[in-house]
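Q: I would like the atomic coordinates for the input below:
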Amino acid sequence: MTHDPDKIVAELESEFVELYKILKFEGLTESGGTAKRVIEDGLVSVNGEVETRKRKKIRAGDQIDFIDHHIEVIDKPDA
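A: Numbers count the residues shown, from 1 in each chain. Alright, predicted model coming up:
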């Protein structure tokens, strides 16, 4: 039996956001410091590649995987 990862849709309010901030804002880590550590430890993938740059610019269309969580990054819809 396989377990499907939890899917999260993150809406960007600007052109980009730093990778560690998405993990923190989505509640996947307890703090920004913890987010930075899990990235440095190679536990996060962006678009299928392990990413160790905690300040990597994440833009709409990027896909992030962390443990059992999958984050799809989209532009915030116009109001």
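Q: Strand partners (parallel or antiparallel) of the least confident helix or strand in the chain by mean pLDDT?
A: Lowest by mean pLDDT, DSSP states H and E among the helices and strands of the chain is strand 6-12, with a mean of 91. The pairing partners recorded for strand 6-12 under DSSP bridges are strand 69-75 (parallel).
Q: Can you list the buried residues in the partner strand?
A: Residues of strand 69-75 classed as buried by neighbour count (16 or more other Cβ atoms under 10 Å): 69, 70, 71, 73. (Each C-beta comes from the backbone N, C-alpha and C, glycine too.)
Q: Is the second one bridged to anything, and to what?
A: When you say that, I think you mean residue 70. Judged by DSSP bridges, the bridge partners of residue 70 are residue 7, residue 65.
Q: from memory it sits against residue 63, does it?
A: Yes. Here residue 70 lies in contact with residue 63, judged by Cβ atoms under 8 Å, at a distance of 6.9 Å.
Q: Need the contact partners of stretch 63-72.
A: 3, 5-10, 19, 22-23, 26, 28, 38, 43-48, 58, 73 (Cβ atoms under 8 Å, 6 or more residues apart in numbering).
Q: now the closest residue to residue 43 other than its chain neighbours: how far from residue 78?
A: Computed as Cβ to Cβ, 6 or more residues apart in numbering, the closest residue to residue 43 that is not its neighbour in sequence is residue 66, at 6.4 Å. Residue 66 sits 29 Å away from residue 78 when distances are taken as Cβ to Cβ, to the nearest Å.
Q: Please say which of those two ends up with more neighbours.
A: Neighbours per residue (other Cβ atoms under 10 Å) separate residue 66 from residue 78, with residue 66 holding more: 23 against 4.
Q: Show the pLDDT at that one.
A: Per-residue pLDDT puts residue 66 at 96.
Q: now swap in residue 78 and tell me
A: Model confidence at residue 78 (pLDDT) stands at 72.
Q: gap between it and residue 13?
A: Counting by Cβ to Cβ, the gap from residue 78 to residue 13 is 12 Å.
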